[in-house]
Structures are given as C-alpha cells and as structure tokens.
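Colleague: make a model of this:
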Amino acid sequence: MTTSKALPALPLLAPLVAAGTIASPAAAATVSVTIPRINVAEYHRPYVVGWLEPAAGGPARTIFVWYDVKKAGREPGTKWLADLRSWWRKGGRSLNLPADGLSGATRAPGTYQVALPANLPAGQYVFKVEAARETGGRELVSVPITVPVKKSASAAGTSELGAVTIR
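Modeller: Have a look, this model is predicted:
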C-alpha cells in the first residue's frame, strides 16, 4: 500500500504569485483631475462632477460628485448641483445624494486621483468632468477613452479645470 502526502500548496503557488499570474483583480484605470489655483478676490471651491457616457449614446454613469455635502438648512449643498448643467440634464437630477462611494466634499486647488470602476464593459466612452464655482465660471472637459484603457488620454480646461488625464 502506498501512501501519498499532500504537498503544501503555497510553494506551488509562489512562482505564479511572483509572476503576477495570481493577484487581486486588475486595477481599473485612474482619472487625474486638476483644479487650478485661480487668483481672485473671492474664491469659492468649485462643485465638480465626473461621469462616463457610452460614445454611441446611452445612459450616463456618475463616477464622482464633489459638492458641499455638509451644507444644510433652507439651501442645502445639493441645491447648487443644478449649476453643473450638462451632468444635471444627463442624469444628475435623478441621482439620490449623498451617494456612497460617489459623493465627497469640494476640493481645494490641486490634482486628485479617482479610480474608474473595474466592472466597465469594454467599449468606447467619453469621460466628462464639469466644474461650476460660485461667483466664478463653469467648464466642461471631455476625454474620449477605450475600455480597457491601454494608453492614456487627456484634455485640459482653460479656466475652472486644468488637465484631466486617464491612465
């Protein structure tokens, strides 16, 4: 009678882990959004939203919404989201806010990283970022992308938004 011993699985998996064959799910692409420093007497942080639209048309998917989440009372922070007109018309008005994983406070000037969802179906999309600022302007930047993202794409605003890059 022959007896066999089960070999520990860890040594067998080590080459696969080292080669990157077994790892956590592939990381989704990352969007970098730059909010420029604007030298004006009365500066207010902008409301900024990012969303994806299929290039061939279809429903938009909101990726992030940065607004005054803590403002309450007669004029809550959500009241001014309608100033993000393109997003608002495309589907923002039907979004229940605050939304887990999407909503966040307004951001100071700087560059911020946001991950795209890993479960996006392959295809052609347009990533849009819109900003609106009290006593300031509005701006919309569009970046065409192909999912899965294999090469970076970018576009830049001229006033309220800086570079928007997808890697």
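
Colleague: quick one, what contacts residue 130?
Modeller: Shown in contact with residue 130 (C-beta atoms under 8 Å, 6 or more residues apart in numbering): 48, 49, 50, 84, 85, 86, 87, 138, 139, 140, 141. For every residue, glycine as well, the C-beta is placed using N, CA and C.

Colleague: looking at this, it is in a strand?
Modeller: Yes - using DSSP: H, G, I helix; E, B strand; the rest coil, the secondary structure at residue 130 is a strand.

Colleague: buried subset of the contacts of residue 130 as a PyMOL selection?
Modeller: To isolate the buried ones among the contacts of residue 130 in PyMOL, judged by 16 or more other C-beta atoms under 10 Å, type:
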select buried, resi 48+49+50+84+87+138+139+140+141
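
Colleague: make TSV out of the contacts of residue 130 and add pLDDT.
Modeller: What follows is the contacts of residue 130, written out as TSV (pLDDT from 0 to 100):
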residue	pLDDT
48	98
49	98
50	98
84	97
85	96
86	97
87	97
138	96
139	98
140	98
141	98
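
Colleague: among the contacts of residue 130, which one sits closest to residue 109?
Modeller: Set against residue 109, the nearest of the contacts of residue 130 by C-beta to C-beta is residue 48 (11.5 Å).
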